[in-house]
Structure formats: structure tokens, C-alpha cells
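Q: I'd like to go over a predicted model; first the sequence, then the structure.
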Amino acid sequence: MVKVLVLDGISDQGVQLLKDAPDVQVDIKATMPEDVLVEVIAEYDAVMVRSQTKVNARVMEAAKNLKVVGRAGVGVDNIDLEAATKRGIVVVNAPDGNTIATCELTFGHILGLSRMIPQAYKKTVGGEWDRKTFVGVELRNKVLGIIGMGRIGSEVAKRAKAFGMNVIGFDPFMTDKRAEEIGVKLGTVDEIVRNADFITVHTPLTNDTRNIISRPQFEVMKKGVRIINCARGGIIDEAALVEAIDAGIVAGAAFDVFIKEPPEADHPFLNHPKIIVTPHLGASTVEAQENVAVDVSEEILHILRNEPFKNAVNMPSVPANVLKKLQPFFNLGEKLGKVAGQLADNGLHEIAINYAGDLADVDVNPLTRYIVLGVLSNHLGEDANVINALHLAKARDINVVVTKTSATKSFTNLVTVTLKTDDKDSVAAGTLLAGYGERIVQIGQYPVDISPEGHVLFIAHNDKPGIIGKVGTLLGDTGVNIATMQVGRKVVGGDAIMLLTIDKEADDALLGALKNLPEITTAKAVRL
Ligand SMILES: NC(=O)c1ccc[n+]([C@@H]2O[C@H](COP(=O)([O-])OP(=O)(O)OC[C@H]3O[C@@H](n4cnc5c(N)ncnc54)[C@H](O)[C@@H]3O)[C@@H](O)[C@H]2O)c1
Ligand SMILES: O=C(O)CC[C@@H](O)C(=O)O
């Protein structure tokens, strides 16, 4: 039975999937102070949060059994990704579920601003019938500037077109083709701030986007421009905005998000007649909350059940078709890493991986993680997993170098793992053979053909008559049955290897006895 903690008032219906799972115990709490969370988190395998709970390094440190943090929403600024990655905890989010909700709130704010609806409401319910103050502007033929043309920005653009607006968008990843499809003219931030009547931002808060609109941008804006932020506090400089409104440059602003949430009672936005505020409600619709909770619940179940998942934030996301192609290689990759790792000397400084044939045109990052995990797991055991494998390698100054070749000598696909150590290289190569499954086809410089399972005994020796018999006798005397045996050599009488699959693990006594044979230079039990 695995335990999942659900916090922050996440939709009950959304987590039904978890509640219905026979192998899951779900504990639902509205909120939890950090000290309490730190006390109880060790019991849980997964935790699901919205934006309120901070899953910080202190929480991660106490989370001895945590495998996954699910963020029921897009932004993961309340989760310490570095701490999660170091501890091998997967962080998943729900990137699509609240796109429409946030887009619609943005449009609500655009309309609220253009007609001063909240201000008019306030006066009317206060008993004043004021029809002079609230003369607004139409959206038709106005220029909307959108900074950040991802999911939400693109949806806002589509709706703006329906209102007859002209849209200029800026996003480093937006192609001309995509911009044309949604009827957006691409421009720079400078072009947007100089030409737009309304400016809305839909980027994450990063070093590049912090204060992307600040004093220098306000100074060159059209008089009467209106500003909207339903993305993250800090993308627009709050103090500079108030100055620009008071200087008569900006006609009004609508903010759903703040640098500090909730803002202090004396925050200048809260009593400003030209600023509309909402308390981070972008994702607050019944539909969005259900969507994100369902999406994250599915991902949590996949991860806890060791099934493929797609929305990991601290691991590259892989399209389903690529995952389908790669997944059959994961086990082989990990085994190749284990074999090469166990046959390597100390002083590992590079893991070189070559993908050949079918794998050459695929994004192989997830498979690389399995291989590196296989190498590291020999020494790090359960502390290593696919999430932290690359991080653990980097922290140990081990370079991971990936190359690709389209052709293979005789296989449709081939993965070759070469571990470079202070002494000599350790090489293991494998393939996935249609109809035969996983095969290891090279150890060191020798071609072999074994299925990577069970107990493997690796012996390096001098190619002398009688050595095979001696090994067979030793194993027989200690009650170890040989399932398969392969011998490889480059030249008669030179260095050679024996690779045996055996029915039980070779113990230290047997390995010692093998090493005592004068022809044998190495005898190692390889655990797969
Ligand atoms: N108010 C809310 O409740 C609420 C709800 C959902 C999302 N959000 C926030 O909205 C933002 C956008 O969400 P999304 O789902 O559209 O994300 P997204 O990842 O689909 O889009 C973000 C876009 O920003 C672009 N971008 C990054 N840096 C940029 C830069 N320097 N200049 C211009 N563009 C840049 C990216 O290329 C990307 O296309 C996120 O910060 C998210 O947290 C807020
Ligand atoms: O959970 C929320 O309400 C915030 C959602 C939003 O900011 C997000 O990034 O998805």
C-alpha cells in the first residue's frame, strides 16, 4: 500500500482516481503548516499540492519515502526542483488543465479594464449612479501585445482576434508558421511596448522575464496603454507600474499575481483606483481544478506503479511516440550500465554512450539516464534513480558523452557503453533483437551473445588448453550449475574471456578459487 498526501484544497473529484486505486491510501488535508508537514512527510510516497504549500529543501530532506511531488497546476515555483532532483524525487505538473481558465480570466481582466467594470460596480453598489466617469474604450482595432506565446498566450491571442484586435506576440520559441496560423504578428518586446494599447504577459518568472516591463519600457509606451499580469508576480515591475499610472502613461492595470502573495495590506495596488486585482484566481474554475487534479493523479499513479509518465518537470518530457520506441530499451540500457560498471576499474571519469541504427534519430535522453543509473547503482544502490542519475554523475565529475551513428555492422539497433577509467576502458554493448529480446553482444573487445539476466560470471584468462575444464570442475565442486558458457579470444594463446550464466551467484570463496588458477587474471560475479 502506498500513501499519498493531498494538500491545498485540491478538487475532491479530481483525486477520485487515487481514492479508487486499491493499492493507494489517500490523506486529504486543506493546508498543513511547514513544521507539521516536515513531521509527517516521511510516511508518504507522494504529495500533491497547488501553489500554497511550499515543498522546499527542508520538506524534501525529511521526505525519506517520497517518490513524487505532484503540482496540480503549471508553475512549480513553490517546489524546490534542485532538492527534489538531488533526492531522486520526480516533480510532475499539469501543464494543460488550467490553460483555458487562465486565458478566460485574462480576457475578463482585459474587458474589466477597458470598461472599468469593477470600479463601476463598486460605485453603483455604494449608492452612486455615475455614468460620466466610466467611459471606456473598445477592443476592436486596438493592438494587443502578448509577451509569452505558450499555451495561455496563444489562447488569449485567438480570443483577441475574435474581438477584432490586432495582436503582436513575442516568444523566443514561436515560429513564423505558428504565428501565422493563429493570426499573430511577431515582434520584439520593444515593438510591443511602443505600439500596444493592451499588454499582457504569459511567461514563467525567470531571470530573463523578471521586470521585463519596467521603467525604461513604461517610458516609451503609448499614452493610455493598459497592462495585465495573470502569469507571475515580478514579471512587471510593480513600483514602476504605479509610477507610470500616476504619470498618466498607463490608463489602468489588472493583476492576478503579486511578487509576494498575499500582498501586504499597504501594497500600492490595493487601493489604487486604476488597478484591478484578483487573488491569484487564474486557475480557479471547477473545470480547471478537476482537470489538473485528474492529470496529476494519473501521473502519480504511473510513477508509483513504475509505469511511463510524461509531465515530469525535473526530467525532459518525451512525446508518447518517442517513449513507445525507447521504453523497450530501458531495461537493456540499465543492464549494460551495470555490466560495464561492474567490470570497470576504479577512477571512472567518463561514461561514453553510442547509439546506433534505429536509435540514432530519437531523443535518447531518458535511455541515457537508465544507462547512467545502471553504472552508478553498483556503488550508490537505491540512492540513485532515473531522476537523479545525471545529477549524481555530474556531482562526481563523471562526464556523460553521447554519440550517434546511423549504421551498425549487423544489428538494427546497438547501444555501446564505454566506461573510461584511470586504467583501461570497460565496454558493454547490447541490442534488442526482434523475436529474441535483449542481448548483450559485446564485452570488452570480444563479441558475445547472452541474455542479460540472472547470475553472470565474467572471467578474463590466458588462452591455454584445459582452462575451460578447470573452471567447469571448480564450479561443479562448489555446486554451481552452468546454464550457458561463451568463450572469446582475439588471437590463439592470447588474452581471452569466458562469460558464464550460472544458476546461483558465485560467492567470494568460488571467486577466490578461480583467481588462484594461474591462467585466470580476473574473475567477477556480475549482478544484473
Ligand atoms: N494566474 C494563474 O493562476 C495562472 C494559471 C496558470 C498559469 N499561470 C502562469 O502563466 C504562465 C504561462 O503559462 P503557460 O501554461 O502558457 O506556459 P507555457 O510554458 O505554455 O508558456 C510560457 C511561454 O513563455 C515563453 N517565454 C519564456 N521566456 C520568455 C521570454 N523571456 N520572453 C518571452 N516569452 C518567453 C516560453 O517560450 C513559453 O512559450 C506560467 O508562469 C504559469 O505559471 C498562472
Ligand atoms: O493552483 C493555483 O491556483 C495556481 C495555478 C497557477 O498559478 C499555475 O501556475 O498553474
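A: Right, received. Where do you want to start? Quantities reported herein were computed from a predicted structural model and do not represent experimental measurements. Ligands and ions are numbered 1, 2, ... in the order given.
Q: what sits against S284?
A: The neighbours of S284, taking C-beta atoms under 8 Å, 6 or more residues apart in numbering as the test, are A101. Where you see a C-beta, it was placed from the backbone N, CA and C, and this is true even at glycine.
Q: can you start the count at 5 instead of 1 from here on
A: That works, and once the first residue is 5, the last one we named lands at S288.
Q: doesn't I232 make contact with I114?
A: Yes. Look at I114 against I232 with C-beta atoms under 8 Å: they come within range, at 6.1 Å.
Q: For the residue of the chain found nearest ligand 2, list the residues it contacts.
A: Nearest residue of the chain to ligand 2: G77, at 2.7 Å (C-beta to the nearest ligand atom). Neighbour list for G77: R54, S55, N97, A98, G101, N102, A287, V296 [criterion: C-beta under 8 Å, 6+ apart].
Q: so it sits in a strand?
A: No. Going by DSSP: H, G, I helix; E, B strand; the rest coil, the assignment for G77 is coil, not a strand.
Q: what does the model give it for pLDDT?
A: You'll see G77 listed with a pLDDT of 94.
Q: Also V366?
A: 88.
Q: Likewise for the one 10 residues further on?
A: Among the per-residue scores, V376 shows a pLDDT of 96.
Q: Would you mind measuring from it to ligand 1?
A: 27 Å (C-beta to the nearest ligand atom, to the nearest Å).
Q: ok so, going back, list residues touching both of I114 and I232?
A: F202, T204, A258.
Q: residues touching the first one, list them.
A: If you count contacts by C-beta under 8 Å, 6+ apart, F202 has them with 114, 117-118, 143, 146-149, 169, 229-232.
Q: Spit out the contact partners of A66.
A: Residues counted as contacts of A66 (C-beta under 8 Å, 6+ apart) are V42, E43, I45, A46.
Q: any idea which of these has the most stuff around it?
A: Counting neighbours by other C-beta atoms under 10 Å, I45 comes out on top of the contacts of A66 with 21 neighbours.
Q: Helix, strand, or coil at G439?
A: Secondary structure assignment for G439 (three-state DSSP): coil.
Q: Let's see the pLDDT reported for it.
A: As predicted, G439 sits at a pLDDT of 84.
Q: what's the neighbour count on it?
A: G439 has 4 neighbours, counted by other C-beta under 10 Å.
Q: helix or strand right after the helix or strand containing I307?
A: Assigned by DSSP states H and E, I307 belongs to helix 290-308. Following helix 290-308 in sequence order, the next helix or strand is helix 324-347 (DSSP H and E).
Q: Now that next one - C-alpha only, PDB.
A: Provided in PDB are the C-alpha atoms of helix 324-347 (Å, rounded to 0.1, in the frame of the first residue of the first chain):
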ATOM      1  CA  ALA A 324       4.400   9.400 -26.400                       C
ATOM      2  CA  ASN A 325       5.600   8.000 -29.700                       C
ATOM      3  CA  VAL A 326       9.300   8.500 -28.700                       C
ATOM      4  CA  LEU A 327       8.600   6.900 -25.300                       C
ATOM      5  CA  LYS A 328       7.000   3.900 -27.000                       C
ATOM      6  CA  LYS A 329      10.100   3.400 -29.100                       C
ATOM      7  CA  LEU A 330      12.500   3.900 -26.200                       C
ATOM      8  CA  GLN A 331      10.800   2.100 -23.400                       C
ATOM      9  CA  PRO A 332      11.800  -1.500 -24.600                       C
ATOM     10  CA  PHE A 333      15.400  -0.400 -24.300                       C
ATOM     11  CA  PHE A 334      15.300   0.900 -20.700                       C
ATOM     12  CA  ASN A 335      15.900  -2.500 -19.100                       C
ATOM     13  CA  LEU A 336      18.700  -3.300 -21.600                       C
ATOM     14  CA  GLY A 337      20.300   0.100 -21.000                       C
ATOM     15  CA  GLU A 338      20.300  -0.300 -17.300                       C
ATOM     16  CA  LYS A 339      21.800  -3.800 -17.500                       C
ATOM     17  CA  LEU A 340      24.500  -2.600 -19.900                       C
ATOM     18  CA  GLY A 341      25.400   0.100 -17.400                       C
ATOM     19  CA  LYS A 342      25.500  -2.400 -14.600                       C
ATOM     20  CA  VAL A 343      27.700  -4.800 -16.600                       C
ATOM     21  CA  ALA A 344      30.200  -2.200 -17.800                       C
ATOM     22  CA  GLY A 345      30.200  -0.700 -14.300                       C
ATOM     23  CA  GLN A 346      31.000  -3.900 -12.500                       C
ATOM     24  CA  LEU A 347      33.700  -4.800 -15.000                       C
END
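Q: Does anything pack onto it? Which helices or strands?
A: Contacts defined by 3 or more C-beta pairs under 8 Å, 6 or more residues apart in numbering; DSSP states H and E place helix 324-347 against helix 369-384, strand 417-424, strand 430-437, strand 441-447, strand 459-466, strand 524-531.
Q: try 7 Å
A: Packed against helix 324-347, as judged by 3 or more C-beta pairs under 7 Å, 6 or more residues apart in numbering; DSSP states H and E, are the following elements: helix 369-384, strand 417-424, strand 430-437, strand 441-447, strand 524-531.
Q: So in terms of bridging, what pairs with M52?
A: With DSSP bridges applied, M52 shows beta-bridge pairing to V10, G74.
Q: T488 - how many residues pack around it?
A: Count around T488 with other C-beta under 10 Å applied: 13.
Q: ok, now A124?
A: 17.
Q: quick one: it is in a helix?
A: Yes. Judged by three-state DSSP, A124 forms part of a helix.
Q: Now for it: which residues touch it?
A: Residues near A124 by C-beta atoms under 7 Å, 6 or more residues apart in numbering: F138.
Q: Does F138 fall in a helix, a strand, or a coil region?
A: Assigned by three-state DSSP, the conformation of F138 is coil.
Q: Quick check: phi and psi at the residue in the stretch 305-454 of the chain that ligand 1 sits nearest to.
A: Nearest to ligand 1, among the residues of the stretch 305-454 of the chain, is V317, at 10.9 Å (C-beta to the nearest ligand atom). Main-chain torsions, V317, degrees, to the nearest 10: phi -90, psi -30.
Q: contacting residues around the closest residue to it other than its chain neighbours?
A: Once flanking residues are discounted, V317 sits nearest to V95: 4.6 Å by C-beta to C-beta, 6 or more residues apart in numbering. Residues in contact with V95 (C-beta under 7 Å, 6+ apart) are V73, R75, V80, I83, L85, A88, A316, V317, N318.
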